[in-house]
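J.: Give the three-dimensional model of this entry:
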Amino acid sequence: MYFTDRGIEELESRRGDEEVTLAWLADKLRTFVDANPEFETAVERLATYLARDDEDDPED
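T.: Residues are numbered from 1 along each chain as shown. Prediction:
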């Protein structure tokens, strides 16, 4: 198990039943990077991954 899996599991257990918008997520990511600029590259990569994830969808 990766160390990050614990955070992902906590997110799922605490907020797994909530529905959020991508605008809400983008705002949270911006706030996080503002407070933790050393993670800017990782957050940028995650955001790009999420934005482009459906490009490989065989149904398109």
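J.: Could you identify the helix or strand that succeeds the host helix or strand of residue 14?
T.: For residue 14, the host element (DSSP states H and E) is helix 3-15. The helix or strand immediately downstream of helix 3-15 is helix 22-35, counting by DSSP H and E.
J.: Point out where the chain drops to low pLDDT.
T.: Residue ranges of the chain with pLDDT under 70: 1-4, 55-60.
J.: tell me the centre residue of it?
T.: With distances taken as CA atoms, centre = their mean, residue 46 lies nearest the centre of the chain, 6.0 Å away.
J.: name the element residue 51 belongs to?
T.: Assigned by DSSP H and E, residue 51 falls in helix 40-52.
J.: For that helix, list the C-alpha coordinates in PDB.
T.: Provided in PDB are the C-alpha atoms of helix 40-52 (Å, rounded to 0.1, in the frame of the first residue of the first chain):
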ATOM      1  CA  GLU A  40       2.100  22.600  -7.500                       C
ATOM      2  CA  THR A  41       3.600  20.100  -9.900                       C
ATOM      3  CA  ALA A  42       1.800  17.100  -8.400                       C
ATOM      4  CA  VAL A  43      -1.600  18.900  -8.300                       C
ATOM      5  CA  GLU A  44      -1.100  20.100 -11.900                       C
ATOM      6  CA  ARG A  45      -0.400  16.600 -13.000                       C
ATOM      7  CA  LEU A  46      -3.400  15.200 -11.200                       C
ATOM      8  CA  ALA A  47      -5.700  18.000 -12.700                       C
ATOM      9  CA  THR A  48      -4.300  17.300 -16.200                       C
ATOM     10  CA  TYR A  49      -4.900  13.500 -15.700                       C
ATOM     11  CA  LEU A  50      -8.500  14.100 -14.500                       C
ATOM     12  CA  ALA A  51      -9.100  16.500 -17.400                       C
ATOM     13  CA  ARG A  52      -7.900  14.200 -20.100                       C
END
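J.: Mind giving me the packing neighbours of that helix?
T.: helix 22-35 (3 or more CB pairs under 8 Å, 6 or more residues apart in numbering; DSSP states H and E). Every residue, glycine included, has its C-beta placed from N, CA and C.
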